[in-house]
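1. Sequence and predicted structure below; questions after.
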Amino acid sequence: MFCNFQSLHVSGDGYVVLCKQCGHYQVAFISTMFTLAETELTELQQQILYCCEQPEYMFSADSKSVVINIGASDINMILSKNELLRFRDILEQAVNEARALELISLFNPETNA
(Lines give C-alpha, C1' and ligand atoms only; values in the text may rest on other atoms or scores of the structure.)
Protein backbone atom coordinates (compact mmCIF):
# COMPACT_ATOMS: atom_id res chain seq x y z
CA MET A 1 0.00 0.00 0.00
CA PHE A 2 1.28 3.42 -0.91
CA CYS A 3 0.83 6.41 1.33
CA ASN A 4 -1.36 9.26 0.22
CA PHE A 5 0.47 12.24 1.71
CA GLN A 6 -1.04 15.62 2.48
CA SER A 7 1.57 18.33 3.01
CA LEU A 8 1.05 20.16 6.31
CA HIS A 9 4.17 22.32 6.32
CA VAL A 10 7.31 22.60 4.23
CA SER A 11 10.34 24.81 4.86
CA GLY A 12 13.98 24.90 3.90
CA ASP A 13 14.81 22.88 7.04
CA GLY A 14 12.19 20.16 6.75
CA TYR A 15 8.60 19.17 6.40
CA VAL A 16 5.63 17.43 8.00
CA VAL A 17 3.21 15.41 5.88
CA LEU A 18 0.18 13.35 6.88
CA CYS A 19 -0.79 10.05 5.24
CA LYS A 20 -4.52 10.27 4.59
CA GLN A 21 -4.76 6.47 4.53
CA CYS A 22 -2.90 5.35 7.66
CA GLY A 23 -3.01 8.62 9.65
CA HIS A 24 0.73 8.65 10.38
CA TYR A 25 2.90 11.72 10.10
CA GLN A 26 6.23 11.79 8.29
CA VAL A 27 8.51 14.39 9.82
CA ALA A 28 11.82 15.51 8.34
CA PHE A 29 14.20 18.02 9.85
CA ILE A 30 17.70 18.78 8.57
CA SER A 31 19.06 15.25 7.92
CA THR A 32 16.61 13.16 9.96
CA MET A 33 13.29 11.70 8.83
CA PHE A 34 10.88 9.55 10.87
CA THR A 35 7.25 8.46 11.00
CA LEU A 36 4.99 9.10 14.00
CA ALA A 37 1.46 8.37 15.10
CA GLU A 38 -0.65 11.37 16.10
CA THR A 39 -0.04 10.83 19.83
CA GLU A 40 3.71 10.60 19.24
CA LEU A 41 3.65 13.85 17.25
CA THR A 42 1.86 15.54 20.16
CA GLU A 43 4.44 14.17 22.62
CA LEU A 44 7.28 15.37 20.40
CA GLN A 45 5.77 18.84 20.16
CA GLN A 46 5.38 19.00 23.95
CA GLN A 47 9.00 17.93 24.43
CA ILE A 48 10.18 20.59 21.97
CA LEU A 49 8.11 23.27 23.72
CA TYR A 50 9.53 22.23 27.10
CA CYS A 51 13.10 22.52 25.82
CA CYS A 52 12.37 25.90 24.27
CA GLU A 53 11.14 27.19 27.63
CA GLN A 54 14.39 26.35 29.40
CA PRO A 55 16.56 29.30 30.46
CA GLU A 56 18.86 30.63 27.78
CA TYR A 57 21.98 29.82 29.84
CA MET A 58 21.09 26.12 29.54
CA PHE A 59 21.94 26.04 25.84
CA SER A 60 24.39 27.82 23.59
CA ALA A 61 22.59 29.13 20.50
CA ASP A 62 24.80 27.26 18.02
CA SER A 63 26.23 24.30 19.93
CA LYS A 64 24.59 20.90 19.56
CA SER A 65 23.43 20.67 23.17
CA VAL A 66 19.72 19.81 23.00
CA VAL A 67 18.81 16.12 22.88
CA ILE A 68 15.31 15.31 21.61
CA ASN A 69 14.09 11.73 21.93
CA ILE A 70 11.77 10.63 19.15
CA GLY A 71 9.93 8.14 21.35
CA ALA A 72 9.25 4.62 20.24
CA SER A 73 11.58 4.82 17.26
CA ASP A 74 14.68 4.99 19.53
CA ILE A 75 15.97 7.98 17.59
CA ASN A 76 17.60 10.94 19.30
CA MET A 77 18.08 14.24 17.54
CA ILE A 78 20.88 16.48 18.74
CA LEU A 79 20.08 20.08 17.96
CA SER A 80 21.38 23.54 18.68
CA LYS A 81 19.06 26.03 20.34
CA ASN A 82 18.59 27.77 16.98
CA GLU A 83 17.70 24.48 15.28
CA LEU A 84 15.34 23.66 18.13
CA LEU A 85 13.46 26.92 17.59
CA ARG A 86 13.18 26.28 13.85
CA PHE A 87 11.96 22.73 14.49
CA ARG A 88 9.38 24.06 16.95
CA ASP A 89 8.07 26.43 14.28
CA ILE A 90 7.76 23.63 11.69
CA LEU A 91 5.84 21.41 14.11
CA GLU A 92 3.60 24.28 15.22
CA GLN A 93 2.70 25.20 11.64
CA ALA A 94 2.02 21.55 10.75
CA VAL A 95 -0.18 20.92 13.79
CA ASN A 96 -2.13 24.11 13.12
CA GLU A 97 -2.67 23.05 9.51
CA ALA A 98 -3.79 19.56 10.58
CA ARG A 99 -6.32 21.10 12.98
CA ALA A 100 -7.60 23.44 10.28
CA LEU A 101 -8.03 20.55 7.84
CA GLU A 102 -9.86 18.57 10.52
CA LEU A 103 -12.27 21.47 11.09
CA ILE A 104 -12.83 21.89 7.36
CA SER A 105 -13.63 18.19 7.04
CA LEU A 106 -16.40 18.57 9.63
CA PHE A 107 -18.19 20.99 7.31
CA ASN A 108 -17.26 19.23 4.07
CA PRO A 109 -16.97 15.45 4.59
CA GLU A 110 -15.97 15.00 0.93
CA THR A 111 -12.52 16.49 1.70
CA ASN A 112 -11.70 13.29 3.63
CA ALA A 113 -11.70 11.24 0.44
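-> Yes, it's here.

2. Please make it C-alpha for all contacts and neighbour counts, starting now.
-> Will do.

3. List the buried residues for the longest helix anywhere in the chain?
-> In the chain, assigned by DSSP state H, the helix with the most residues is helix 81-107. Across helix 81-107, burial judged by 16 or more other Cα atoms under 10 Å covers 81-91, 93-95, 98.

4. wait, which of those is closest to Tyr15?
-> For these, the residue nearest Tyr15 by Cα to Cα is Ile90; the value is 7.0 Å.

5. contacting residues around the residue positioned nearest the centre of the chain?
-> The chain has Leu91 as the residue nearest its centroid, 3.8 Å off, counting by Cα atoms, centre = their mean. Applying Cα atoms under 8 Å, 6 or more residues apart in numbering to Leu91 gives the contacts 16, 45.

6. now stretch 47-59: mean pLDDT?
-> Model confidence over stretch 47-59, given as mean pLDDT, is 84.

7. what about that stretch, start to end distance?
-> End-to-end distance of stretch 47-59 (Cα to Cα, to the nearest Å): 15 Å.

8. Give the buried residues for it.
-> 48-49, 51-52, 59.

9. Mind checking which of those residues are in helices?
-> Going by DSSP H, the helices hold 48-49, 51-52 from the buried residues of stretch 47-59.

10. Tell me which helix or strand comes right after the lowest-mean-pLDDT helix or strand in the chain.
-> Sorting the helices and strands of the chain by mean pLDDT, DSSP states H and E puts strand 66-69 at the bottom, at a mean of 90. Where DSSP states H and E defines the elements, the next helix or strand beyond strand 66-69 is strand 76-79.

11. Against which helices or strands is that next one packed?
-> Strand 76-79 sits against strand 66-69, with contacts defined as 3 or more Cα pairs under 8 Å, 6 or more residues apart in numbering; DSSP states H and E.

12. Run through who's touching stretch 49-64.
-> Contacts of stretch 49-64 (Cα under 8 Å, 6+ apart): 65-66, 78-82, 84-85, 88.
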